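Asker: Here you go, sequence then predicted model.
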Protein chains: 2
Amino acid sequence: MDTMVTYRYYRQASRITIFAHIFGVIAMILMLVWLLHYREGVDLDSYDPDKIFNVHPLLMFLGVIFLSGEALMAYKTVRGERQVQKSVHFLLHLAAIILGIVGLHATFKYHDRRNLRDMYSFHSWIGIGTFCLYILQWIIGLCMYMLPYTRIETRSVNLPWHISGGRAIFYMTIVAALTGLMQKSTLMQLPFLYGESLLINFLAIFILLFGVTVDISVVLARYA
Amino acid sequence: MDTMVTYRYYRQASRITIFAHIFGVIAMILMLVWLLHYREGVDLDSYDPDKIFNVHPLLMFLGVIFLSGEALMAYKTVRGERQVQKSVHFLLHLAAIILGIVGLHATFKYHDRRNLRDMYSFHSWIGIGTFCLYILQWIIGLCMYMLPYTRIETRSVNLPWHISGGRAIFYMTIVAALTGLMQKSTLMQLPFLYGESLLINFLAIFILLFGVTVDISVVLARYA
């Protein structure tokens, strides 16, 4: 395809990032309203096990979904040299991993307080598996693209794998989040489609919309 | 990138389709074992509402996930001319839509029998929304790529959108399936991680692995 067409897709992809930011911010707001208004609030050191649990959805979404989505879009949204974009991409993922570790700790601490079994549902299996792959992908990315001694050809030959693999892991985080939210909302047995249950449904929809728009903005520009 | 590298990614992508077939078939077998051995079996015209419900996961998975995944991979797996590959891609999606309609009908019929509310959870919202997008994408694909009167340039300019959008919808079907399975398995409150609950967890993992491998096989070859 010629340069005009390539430019068109790049512009379309950049426009989609705007929608992604909006969907991500709305999801973040809905998450906070849910946890702070309808639930007990968020506190990792609380005596109330529910406040400890609530750290889990908040930090997993903020870190492994929102910041990691922003990391995926950094090559389009950060104005600056490629090296700056790369550093933002890398550091956002690092921040996501740190938040993710605290978020995972919260759910184990909650299970411990309530004497619940760990790693029972497939939400936990997918969640842990995805987080391990996320860290692995970050370490491989560090060695391959941040450290100076990797050959340029090795980098470029492995780039399609880095991008396809990274996107797959990003989608897996969306799956993990929504299965977790589904599990939680089913356990709560909210009686009416009103207030909290309506809010949770919209939260799920906006998390999904964030995932889809981030992904399309990344992929669309590369097809060209 | 040069032709050697392009060929390398195409070969890698083709190899991944083999894993996708295997994961898809394993998921299908686990689904059948679950519904026929652990559950009540499958019958749309039964007096037992549970047998009616079981048509839903079976047909949604078989149609909108398995057949549609195979449709996505048809350009790599079907040996033949491009026109044959296109027709297989198109017809598999048509079969998926027909199965999906029957599968959706089953869940409404089940709700009706049990006097349960329709469209309550976000699984149902995501499911219905995704299925509508799926049909829309199929109709646009029909007009754009199957009917003879669309200009070649229009086709090729819109191809990145057709592929990115199609892949996003495919991932949404995976999200819909796994949130549904999570809802069902949470409602069943299986007491031990043994037998049925273990089988459901593996079923979820293999559906996810099918989704990821189908997606990577489609995308990887196109980056080159």
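Answerer: It's in. Quick caveat, the model's predicted, so the values are computed rather than measured.
Asker: leaving aside the residues next to it on the chain, what's closest to the spatially most central residue of chain A?
Answerer: Centroid check for chain A by CA atoms, centre = their mean gives A:Ile65 as the closest residue, at 1.2 Å. In space, and not counting its chain neighbours, A:Ile65 is closest to A:Thr173: 5.4 Å by CB to CB, 6 or more residues apart in numbering or on different chains. Backbone N, C-alpha and C define where each C-beta goes, glycine included.
Asker: cool, A:Val84 as well?
Answerer: Counting by CB to CB, 6+ apart, A:Val84 lies nearest to A:Val78, which is 6.3 Å off, once chain neighbours are set aside.
Asker: Need the pLDDT of that neighbour.
Answerer: A:Val78 carries a pLDDT value of 93.
Asker: Near it, how many other residues are there?
Answerer: A:Val78 has 17 neighbours, counted by other CB atoms under 10 Å in any protein chain shown.
Asker: on that earlier part again, my read: the residue nearest to A:Ile65 touches A:Leu133, true?
Answerer: No - with contact taken as CB atoms under 8 Å, A:Thr173 and A:Leu133 are classed as non-touching, separated by 9.6 Å.
Asker: quick one: which of these two has more around it?
Answerer: Neighbours per residue (other CB under 10 Å) separate A:Thr173 from A:Leu133, with A:Thr173 holding more: 26 against 17.
Asker: Quickly note the distance from the more buried one to chain B.
Answerer: Distance of A:Thr173 to chain B, computed by CB to the nearest CB, to the nearest Å: 11 Å.
Asker: For that residue, pull up the helix or strand it's in.
Answerer: helix A:152-188 (DSSP states H and E).
Asker: From chain B, how far out is the residue nearest to A:Val84?
Answerer: 22 Å.
Asker: Name all residues that make contact with the closest residue to A:Glu40 other than its chain neighbours.
Answerer: Using CB to CB, 6+ apart and skipping residues adjacent in sequence, the residue nearest A:Glu40 is A:Asp50, 4.5 Å away. Shown in contact with A:Asp50 (CB atoms under 8 Å, 6 or more residues apart in numbering or on different chains): A:39-40, A:110.
Asker: Neighbour-wise, give me the winner out of the residues you listed.
Answerer: A:Tyr110 (20 neighbours).
Asker: Distance check, the nearest residue to it once chain neighbours are set aside against A:Pro148.
Answerer: Nearest in space to A:Tyr110, with sequence neighbours left out and distances taken as CB to CB, 6+ apart, is A:Phe53 at 4.0 Å. Look at A:Phe53 and A:Pro148: by CB to CB, to the nearest Å, they are 43 Å apart.
Asker: more neighbours, the two?
Answerer: A:Phe53 (25 against 4).
Asker: okay, the angle between the strand or helix carrying that one and helix A:152-188?
Answerer: Taking DSSP H and E as the definition, one finds A:Phe53 inside helix A:49-59. Computed by axes from the mean of the first three to the mean of the last three CA atoms, to 10 degrees, the angle separating helix A:49-59 from helix A:152-188 equals 150 degrees.
Asker: Can you show me the helices along chain A?
Answerer: A:3-32, A:49-59, A:68-77, A:82-114, A:122-141, A:152-188, A:196-223 (DSSP state H).
Asker: Contact partners for the residue lying closest to A:His89 once chain neighbours are set aside?
Answerer: Nearest non-adjacent residue to A:His89, counting by CB to CB, 6+ apart: A:Ala74, 4.3 Å away. By CB under 8 Å, 6+ apart, the contact list for A:Ala74 reads A:85, A:88-89, A:92.
Asker: The same query, at a cut-off of 6 Å, please.
Answerer: By CB atoms under 6 Å, 6 or more residues apart in numbering or on different chains, A:Ala74 lies in contact with A:85, A:88-89.
Asker: Quick check: it vs B:Asp112, distance?
Answerer: In terms of CB to CB, A:Ala74 sits 49 Å off from B:Asp112.
Asker: Quick one: name the residues of chain A near chain B.
Answerer: Residues of chain A found near chain B (CB under 6 Å from any CB of the partner chain) are A:9, A:120, A:122, A:125, A:160, A:164, A:168, A:171, A:175, A:178-179, A:182-183, A:186, A:193, A:201, A:204, A:212, A:216, A:219-220, A:223.
Asker: What subset of those residues is buried?
Answerer: A:9, A:120, A:122, A:125, A:160, A:164, A:168, A:171, A:175, A:178-179, A:182-183, A:186, A:201, A:204, A:212, A:216, A:219-220, A:223 (16 or more other CB atoms under 10 Å in any protein chain shown).
Asker: any low-confidence regions in chain A?
Answerer: A:1-5, A:223-224 (pLDDT under 70).
Asker: same thing but 80
Answerer: For chain A, the stretches flagged by pLDDT under 80 are A:1-7, A:221-224.
Asker: rewinding a little: rebuild the contacts of A:Ala74 as a markdown table, extending it with neighbour count and distance to B:Val33.
Answerer: A markdown table is the format used below for these (neighbours: other CB atoms under 10 Å in any protein chain shown; distance: CB to CB, whole Å):
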| residue | neighbour count | distance to B:Val33 |
| --- | --- | --- |
| A:Gln85 | 16 | 48 |
| A:Val88 | 18 | 47 |
| A:His89 | 22 | 43 |
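Asker: Between the residues you listed, which sits nearest chain B?
Answerer: Set against chain B, the nearest of the contacts of A:Ala74 by CB to the nearest CB is A:His89 (17.4 Å).
Asker: The closest one against A:Ala71, yeah?
Answerer: Yes - using CB atoms under 6 Å, A:His89 is in contact with A:Ala71, at 5.0 Å.
Asker: Give the buried residues for the helix holding A:Phe53.
Answerer: A:49-59.
Asker: got it, and stretch A:99-117?
Answerer: Buried residues in stretch A:99-117 (16+ other CB under 10 Å): A:99-100, A:103-104, A:106-107, A:109-111.
Asker: Return the closest of those residues with respect to A:Phe19.
Answerer: A:Leu99 (23.8 Å; CB to CB).
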